[in-house]
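Asks: Sequence below, structure please.
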Amino acid sequence: MSRKGKVLVAMSGGIDSTVAALMLNDQGYEVVGITMKTWDYAASGGSKKETGCCNVDSFNDARMAAVQHGFPHYILDIRDEFGDFVIENFVDEYLAGRTPNPCVMCNTHIKWRALLKRADALDCEFIATGHYGNIHQHTNGRHYISKGLDDTKDQSYVLWGLQQDLLARTMLPLGNFRKTEIRQMALDYGYPELAKKSESYEICFVPDNDYRGFLKRRVEGLEEKVAGGNFVDKTGKVLGQHKGYPFYTIGQRKGLDIAFGKPVYVTNIIPETNTVMLGDEDDLNRHDMLVSKINWLKYDGVTDGMEAMTKIRYKDKGTLSNLYTDERGVRVRFFEDAKGVAPGQSAVFYEGNDVIGGGIIQRGQ
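Replies: Here you go, the predicted model:
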């Protein structure tokens, strides 16, 4: 065994995870590659072929890199684990009028736990992925995520749910590199096609990006059950009819199929009455929100009034805020109104570049 230790690396077949594995191998770690099959897209009835991490080409790319560099590689089928939790949560959240973030749920509850379980079985001390972020240990003993060097690729937002036992054994080799450097490394390793691979921002089980079609295929009779609900304004005045509340998200402007002569946005979704509220852009502003299902990272909780930069979506720059404990989670009070607070999405709290913690948005006001 290497003096540096044995590490199980999640390899999707893409550029980031492949370079991460090769970097660790060069650094003297005993690397074991593993590719997880999370979803059989053909089963969803989508219009496109499998893309991203769940197709045969990606499996072969990962295995080839491992073989060429002399370390073992395995394929792990976690479709049952993934489907039971991530996809059911995805569907249930939309049916509850919320907007889920399946990547956060998968990282938090499925991928890392599956990796750690197999790492133990293979006597690996560490697990590693190709995410752009860093892991540190505070003087208080707690492990936490901080932002990656490359602001355009930082993925700390989607890792807030990782618990202490997972963080203590996780390595993120790409955290101090920019994407351009990783592409150059792929070229240097002799993988020009890998270096040219385009980025994928699709949900792995909805690679055609049509979540509405996925819901219709997944829930028998859904389209008929929810058709004919009302669009209303903030006074309750009926403005027209929509296609069903699960097919809309907070902040949506396009695809409403209703004309007002000015831009209008989805500002609220009320599943109990199959109602979708529309308003002006300013109607999306919220001065505070309630966040539940909290996972603390850097500290074991917060003191009331603690200042933090709060992100309410992946590409959000963040809004300065105060955090207050609440029996239901955390109350976030923004210094300036935040736009488009969507129940079901993640709220992540930052102290500088460090993740204090995060949770699921319940509501904004």
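Asks: Going by C-alpha atoms from here, please, whenever you check contacts or count neighbours.
Replies: OK.
Asks: can you list the weak-confidence ranges in the stretch 101-250 of the chain?
Replies: 200-202 (pLDDT under 70).
Asks: In it, what residue spans correspond to strands?
Replies: Under the criterion DSSP state E, counting those that start in this stretch, strands of the stretch 101-250 of the chain are mapped to 126-128, 133-137, 143-147, 170-171, 230-232, 238-241.
Asks: neighbouring contacts of the fifth one?
Replies: Spelled out, that is strand 230-232. Outside of strand 230-232, the residues within contact range by CA atoms under 8 Å, 6 or more residues apart in numbering are Val238, Leu239, Gly240, Gln241, His242, Asn274, Thr275, Val276, Met277, Leu278.
Asks: Swap in 6 Å and give it another go.
Replies: Val238, Leu239, Gly240, Gln241, His242, Thr275, Val276, Met277 (CA atoms under 6 Å, 6 or more residues apart in numbering).
Asks: of all these, which comes closest to Thr325?
Replies: Set against Thr325, the nearest of the contacts of strand 230-232 by CA to CA is Met277 (30.0 Å).
Asks: so what does the helix or strand where that closest one lies touch, helix or strand wise?
Replies: Using DSSP states H and E, Met277 maps to strand 275-279. If contacts are counted by 3 or more CA pairs under 6 Å, 6 or more residues apart in numbering; DSSP states H and E, strand 275-279 sits against strand 230-232, strand 265-270.
Asks: who does the helix or strand that that strand is followed by pair up with?
Replies: Per DSSP H and E, the first helix or strand lying C-terminal to strand 275-279 is strand 285-296. Take DSSP bridges as the rule and strand 285-296 pairs in its sheet with strand 329-339 (antiparallel), strand 354-364 (antiparallel).
Asks: still on that earlier bit, can you list the contacts of strand 230-232 in CSV and add neighbour count?
Replies: What follows is the contacts of strand 230-232, written out as CSV (neighbours: other CA atoms under 10 Å):
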residue, neighbour count
Val238, 15
Leu239, 15
Gly240, 13
Gln241, 17
His242, 21
Thr275, 23
Val276, 28
Met277, 23
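Asks: Counting neighbours, what do you get for the nearest residue to Lys243 once chain neighbours are set aside?
Replies: Of all residues not flanking Lys243 in the chain, Ala227 sits nearest, at 4.9 Å (CA to CA, 6 or more residues apart in numbering). Counted with other CA atoms under 10 Å, the neighbours of Ala227 add up to 14.
Asks: Correct me if wrong: Ala227 contacts Phe247.
Replies: No - counting by CA atoms under 6 Å, Ala227 does not reach Phe247; the two are 10.1 Å apart.
Asks: that older thread, next, the angle strand 265-270 makes with the strand holding Met277.
Replies: Interaxial angle, strand 275-279 versus strand 265-270 (axes from the mean of the first three to the mean of the last three CA atoms, to 10 degrees): 150 degrees.
Asks: residues making contact with strand 275-279?
Replies: Residues outside strand 275-279 that contact it (CA under 6 Å, 6+ apart): Gly229, Asn230, Phe231, Val232, Asp233, Val264, Tyr265, Val266, Thr267, Asn268, Ile269.
Asks: show me the contacts for the nearest residue to Leu256 once chain neighbours are set aside.
Replies: Among residues not flanking Leu256 along the chain, His242 sits closest, at 7.6 Å (CA to CA, 6+ apart). Contact analysis of His242 by CA under 6 Å, 6+ apart lists Gly228, Gly229, Asn230.
Asks: circling back to that earlier point, dump the strand holding Met277 to CSV, restricted to CA.
Replies: Presented in CSV, the C-alpha positions along strand 275-279 are these (Å, rounded to 0.1, in the frame of the first residue of the first chain):
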residue,chain,number,x,y,z
THR,A,275,-53.2,28.1,-8.6
VAL,A,276,-50.2,29.9,-10.1
MET,A,277,-49.7,33.5,-9.1
LEU,A,278,-48.2,36.0,-11.5
GLY,A,279,-46.7,39.4,-10.9
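Asks: now the helices for the chain?
Replies: For the chain, the helices defined by DSSP state H cover 15-26, 56-68, 79-82, 88-95, 102-106, 112-121, 164-167, 179-188, 192-195, 211-218, 222-226.
Asks: List the buried residues for the first one?
Replies: Along helix 15-26, these residues count as buried under the neighbour rule (16 or more other CA atoms under 10 Å): Ile15, Asp16, Ser17, Thr18, Val19, Ala20, Ala21, Leu22, Met23, Leu24, Asn25.
Asks: same question, stretch 128-141
Replies: Quick answer for stretch 128-141 (16+ other CA under 10 Å): Ala128, Thr129, Gly130, His131, Tyr132, Gly133, Asn134, Ile135, His136.
Asks: repeat for stretch 248-266
Replies: By neighbour count with 16+ other CA under 10 Å, stretch 248-266 contains the buried residues Tyr248, Thr249, Ile250, Gly251, Arg253, Leu256, Val264, Tyr265, Val266.
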